[in-house]
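S.K.: With the sequence up front, the predicted model follows.
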Amino acid sequence: MLSNLLIDSLFPADLPEPAEWDRRFPPRELPAGARTVRFCPSPTGPLHIGGIYVAMIDRNLADTSGGRYVVRIEDTDQSREVPGVKEQFQRAFEYFGLLPDESDFAGGDYGPYLQSARETIYLSHIRDLMRRRLAYPCFATREELAEMTAQQQAAKVPTGYYGEWAIWRDAPHKRVEAALAEGRPYVVRFRAEAAAGERVSFVDAIRGRIEFDANRNDVVVLKSSDQSPRLPTYHFAHAVDDHLMRVNLVLRADEWLSSVPVHHQLFDALGFERIEYAHVAPLLKQVGGGKRKLSKRKDPEASVDFYLREGYPAEPVLYFLRGLINGRLAEMPQSEALAATIRLDQCGVSGALVDMVKLGGLCADHIATMPAASVLAAVTDWAERYDAELAKILAAETDLALRALTVERDGHPNPRKDLQKWSDFRPVYGFFFPELFPLVNDLADTPLAKLPADVVRTFAAAFGDAYQPLIDSQEWFNQIRSLAATHGFAGSPQEYKANPGAYHGSIREASQIVRVALTGSTRSPDLYAVAMALGADEVLRRVRALADGQG
Ligand code: GLU
């Protein structure tokens, strides 16, 4: 057995005892039933939308129980850390209104909230486990471990570091000392105590009672001694951090469900009270006839940055995610669903499908309820970050932008649902802005190409010559109507159909000439409203371009 003296020599002399950390981070004084929850992203890449899903549940549970919501950055795998990602997380939390009560950015009494800054705390607890012979150094090399796994596979026994395979578990004192004296790098492993065939069970707040084989693996708790800083593995850090941050509900992805037996062993060995778990089912994507996990590698919509970059408004995204937790929430109106208490026992266990068409519909519905001024403010915020040219135009042409957005929106019984996200503004409303609108003067490739060019141009010229920006919409439209009659267009589609040889088309085609001149497309909001938003000068500039064009 290793002497305490030798064990202590492996750690800094001034390392505090675990009791000191317990005193430093006392139990929280919160009302009975308050939930202290945490979300713990690893800074190895942009946040997965599933992270926002979990953070949203965390925030709600803390808010509705009078508890606390903590964000802890799990950066123990420093080689995989992507610079700038922590700031990206923060931006995403801000965007979705999910800022934590405590975090590296917000501060708090239970920090540091970066695992890389908690080395001393971990080492105190590792030393304690080693002194109590619940953890031991293991000098097995990567090659030896790979060889062991191969042998286990060949023998068709479970892979892992257990039983007779746990070669350093009961290594003679002398051998350990010799290895240390040689300066061989080592990890620290936990001494798992479980008999072959032993079963354990626990209650998950989402899934109910679960049973597993007890853990027999001597998992690594502290990574290799040749690394600096010396950081723990996820398993160990989770136990220490969630205990000392006084978390009382661990909500996390269900990929960790099977680790609960080892986590319980660690909590018990460390003398910590066990914490309730809630394992959240993953978000899924429909692929062909099947479903699979939404993957950051394969699916752009898996990444939170996608929603920020495309400018999906936060509320309907959160509403959509709430509906995925539970159908009850999807049936409520958005504001009610966003205010509702999330109940863990109503969360699904099999994974929910992310249907982007449905999300787009919810976003369009939401934007359609917003006044033009709010839409403009949101588009401007978005453009300032993601579309500098548009931001500049909006700043210079705020009144035009407001007039454009007001068309069939404010006070309209059936407001337009033409924006699902802020990046749609440019393709949908860009034509209003002279800077973004290419004048239509070449008829080729326009829907007007099917009419004789001289008819189109003569009509456009006549419209321009007689144009008056009349305020009454019927009177305004009568300008087209009367010109249509004198330029060979039938008064109605029926009239045209009855005698197609006699006309170039009907009033519909005549209106299309003006519509294409003003908007570049045959599909646009109400033509009169567009003309009012553009103003007479711009209307004339556009129809004259068509009248004077080539070809
Ligand atoms: N850092 C872990 C992960 O990203 C967090 C797991 C947990 O919430 O405990 O998967």
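M.R.: Okay, I see it.

S.K.: residue contacts, the nearest residue to Ala34 once chain neighbours are set aside?
M.R.: In space, Ala34 comes closest to Gly67 once its chain neighbours are excluded; the distance is 3.8 Å by C-beta to C-beta, 6 or more residues apart in numbering. For the C-beta atoms, the positions are set from N, CA and C on the backbone; glycine is no exception. Shown here is Gly67, whose contacts under the criterion C-beta atoms under 8 Å, 6 or more residues apart in numbering are Leu30, Ala34, Arg35, Thr36, Val37, Leu61, Asn248.

S.K.: just checking, next helix/strand downstream of the helix or strand bottoming out on mean pLDDT in the chain?
M.R.: Lowest mean confidence among the helices and strands of the chain (mean pLDDT, DSSP states H and E): helix 327-331, at a mean of 91. Later in the chain than helix 327-331, the nearest helix or strand by DSSP states H and E is helix 334-339.

S.K.: and the next element down the chain from the helix or strand hosting Ser374?
M.R.: Ser374 is located in helix 372-386, with elements delineated by DSSP H and E. Where DSSP H and E defines the elements, the next helix or strand beyond helix 372-386 is helix 388-396.

S.K.: before we move on, back to that, and the contacts of Gly67 as TSV, adding neighbour count, secondary structure and distance to Arg132?
M.R.: Putting these into TSV (neighbours: other C-beta atoms under 10 Å; DSSP: H, G, I helix; E, B strand; the rest coil; distance: C-beta to C-beta, whole Å) gives the following:
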residue	neighbour count	secondary structure	distance to Arg132
Leu30	16	coil	31
Ala34	16	coil	32
Arg35	22	coil	32
Thr36	25	strand	28
Val37	25	strand	30
Leu61	23	helix	35
Asn248	20	coil	26
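
S.K.: In the protein, what residue spans correspond to strands?
M.R.: Secondary structure of the chain (DSSP state E): strands at 36-39, 68-71, 135-138, 187-190, 199-204, 208-213, 220-222, 249-253, 276-280, 283-287, 290-293, 352-353, 489-490, 505-506.

S.K.: Just put these in a markdown table and tack on distance to the ligand and mean pLDDT.
M.R.: Listed next are those as a markdown table, based on distance: least, C-beta to the nearest ligand atom, whole Å; pLDDT from 0 to 100:
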| stretch | distance to the ligand | mean pLDDT |
| --- | --- | --- |
| strand 36-39 | 7 | 98 |
| strand 68-71 | 10 | 98 |
| strand 135-138 | 21 | 98 |
| strand 187-190 | 17 | 98 |
| strand 199-204 | 14 | 98 |
| strand 208-213 | 17 | 97 |
| strand 220-222 | 15 | 98 |
| strand 249-253 | 3 | 97 |
| strand 276-280 | 9 | 98 |
| strand 283-287 | 14 | 95 |
| strand 290-293 | 13 | 95 |
| strand 352-353 | 18 | 94 |
| strand 489-490 | 65 | 94 |
| strand 505-506 | 62 | 94 |
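
S.K.: Those strands: which one's closest to Pro112?
M.R.: Closest approach to Pro112 among these is made by strand 68-71 (11.7 Å; C-beta to C-beta).

S.K.: who does that closest one touch, helix- and strand-wise?
M.R.: Contacts of strand 68-71 with other secondary structure elements, assessed using 3 or more C-beta pairs under 8 Å, 6 or more residues apart in numbering; DSSP states H and E, are made with strand 36-39, helix 49-65.

S.K.: and those, which is most packed in?
M.R.: Of all the helices and strands packed on strand 68-71, strand 36-39 has the most neighbours on average by mean count of other C-beta atoms under 10 Å, namely a mean of 25.

S.K.: Adjacent strands (with direction) for that one?
M.R.: strand 68-71 (parallel) (DSSP bridges).

S.K.: tell me how far the strand it pairs with is from the chain's mean position?
M.R.: Between the centre of strand 68-71 and the centre of its chain there are 18 Å (C-alpha atoms, centre = their mean, to the nearest Å).

S.K.: Can I get it in PDB, CA atoms only?
M.R.: Presented in PDB, the C-alpha positions along strand 68-71 are these (Å, rounded to 0.1, in the frame of the first residue of the first chain):
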ATOM      1  CA  ARG A  68     -30.400  29.500  -9.500                       C
ATOM      2  CA  TYR A  69     -29.100  28.800 -13.000                       C
ATOM      3  CA  VAL A  70     -25.400  28.400 -13.400                       C
ATOM      4  CA  VAL A  71     -23.300  28.100 -16.600                       C
END
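
S.K.: which residues touch that strand?
M.R.: 28, 30, 34, 36-41, 55, 58-59, 61-63, 89, 93, 100-104, 106, 108, 110, 113, 245, 247.

S.K.: cutoff 6 Å now
M.R.: By C-beta atoms under 6 Å, 6 or more residues apart in numbering, the residues outside strand 68-71 that reach it are Thr36, Val37, Arg38, Phe39, Asp58, Arg59, Ala62, Pro100, Asp101, Glu102, Ser103, Met245.

S.K.: And stretch 517-531, by the same measure?
M.R.: The contact list for stretch 517-531, computed with C-beta under 6 Å, 6+ apart, reads 407-408, 431, 440, 447, 460, 473, 476, 512, 515, 539, 542-543, 546.

S.K.: Identify each buried residue in it, please.
M.R.: Ala517, Leu518, Thr519, Gly520, Ser524, Pro525, Leu527, Tyr528, Ala529, Val530, Ala531 (16 or more other C-beta atoms under 10 Å).

S.K.: Which pair in these has the greatest spatial separation?
M.R.: Comparing all pairs in the buried residues of stretch 517-531 by C-beta to C-beta, the longest separation belongs to Gly520 and Tyr528, at 17.4 Å.

S.K.: What is the burial count for Leu546?
M.R.: Applying other C-beta atoms under 10 Å, we find 26 other residues in the vicinity of Leu546.

S.K.: Give the burial count for the residue lying closest to Ala449 once chain neighbours are set aside, as a bare number.
M.R.: Leaving aside its sequence neighbours, Ala449 sits nearest to Leu443 (C-beta to C-beta, 6+ apart; 5.2 Å). Under the neighbour criterion other C-beta under 10 Å, Leu443 is assigned a count of 21.

S.K.: Same question for Pro452.
M.R.: Other residues near Pro452 number 12, with proximity taken as other C-beta under 10 Å.

S.K.: Quick check, pLDDT for the nearest residue to Arg343 once chain neighbours are set aside.
M.R.: Excluding the flanking residues, the one nearest Arg343 by C-beta to C-beta, 6+ apart is Asn326, at 7.4 Å. For Asn326, the model assigns a pLDDT of 86.

S.K.: Asn326 contacts Asp345, correct?
M.R.: No: with contact defined as C-beta atoms under 6 Å, Asn326 and Asp345 do not form a contacting pair (9.8 Å).

S.K.: which of the two has more neighbours?
M.R.: Counted by other C-beta under 10 Å, Asn326 and Asp345 do not tie: Asn326 has more neighbours, with 19 against 10.

S.K.: that older thread, buried subset of the contacts of stretch 517-531 as a PyMOL selection?
M.R.: Buried residues among those (16+ other C-beta under 10 Å), as a PyMOL selection:
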select buried, resi 407+408+431+440+447+460+476+512+515+539+542+543+546
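
S.K.: tell me which of the contacts of stretch 517-531 is nearest to Asp204?
M.R.: Distance to Asp204, by C-beta to C-beta, is smallest for Glu408 among the contacts of stretch 517-531, at 49.7 Å.

S.K.: Which pLDDT value goes with that closest one?
M.R.: For Glu408, the pLDDT comes out at 92.

S.K.: what's near enough to touch it?
M.R.: Counting by C-beta under 6 Å, 6+ apart, Glu408 makes contact with Arg416, Pro525.

S.K.: Phe236: what's its closest spatial neighbour, skipping adjacent residues?
M.R.: Using C-beta to C-beta, 6+ apart and skipping residues adjacent in sequence, the residue nearest Phe236 is Val221, 3.9 Å away.

S.K.: Spit out the contact partners of that neighbour.
M.R.: Val221 makes contact with Ala135, Val188, Phe190, Pro232, Thr233, Phe236, according to C-beta under 6 Å, 6+ apart.

S.K.: and those residues as JSON lines, adding neighbour count?
M.R.: Formatted as JSON lines, these follow (neighbours: other C-beta atoms under 10 Å):
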{"residue": "Ala135", "neighbour count": "25"}
{"residue": "Val188", "neighbour count": "25"}
{"residue": "Phe190", "neighbour count": "27"}
{"residue": "Pro232", "neighbour count": "25"}
{"residue": "Thr233", "neighbour count": "19"}
{"residue": "Phe236", "neighbour count": "27"}
